[in-house]
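Chemist: Sequence first, predicted coordinates after that:
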Amino acid sequence: MSTEEIKLMIFRQVDALDTTQLNEFYGIMQNYLKSKHDIDEWIGVSKEEQDCIEDALQELNDGKGVPHEEVMGKLRKKHLHA
């Protein structure tokens with residue numbers, strides 16, 4: 001398959017995505033492209049720290065994250081009404 005054929009196939013598949021799927025795909029694509037450029041970010045990070053970061057990312061991917069707004073709301077409530 002030629003480069004042009006691959007690009008056209010990708011374009012057609014992306015064009016068929018609904019808004020939610022498109023946003024998810026965009027995030028995945030950005031993460032993939034960024035990971036190819038930011039390998040140096042791991043320099044100076046211990047293996048233990050890398051493992052913790054990867055565990056945290058997996059928890060987010062598994063839907064175990066807490067939205068920023070919820071965390072901030074709890075902090076405001078706790079500290080402004082204490």
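Modeler: On my side now, so go ahead. Numbering: from 1, shown residues only.
Chemist: and Val14, how many residues sit next to it?
Modeler: 13 (other CB atoms under 10 Å). C-betas here are computed from N, CA, C, even on glycine.
Chemist: doesn't Asn23 make contact with it?
Modeler: No: assessed by CB atoms under 8 Å, Val14 is found out of contact with Asn23, at 11.6 Å.
Chemist: got a list of contacts for the lowest-mean-pLDDT helix or strand in the chain?
Modeler: Within the chain, no helix or strand scores below helix 19-37, which has a mean of 83 by mean pLDDT, DSSP states H and E. Helix 19-37 has contacts (CB atoms under 8 Å, 6 or more residues apart in numbering) with Val14, Leu17.
Chemist: Kindly report the same for stretch 2-15.
Modeler: With CB under 8 Å, 6+ apart, stretch 2-15 has contacts from Met1, Leu22, Phe25.
Chemist: Now do the first one against Leu8, distance only.
Modeler: Okay, so that is Met1. Taking CB to CB, to the nearest Å as the measure, Met1 falls 10 Å from Leu8.
Chemist: which one of these two has more residues nearby?
Modeler: Leu8 (12 against 7).
Chemist: host element of that one?
Modeler: helix 3-15 (DSSP states H and E).
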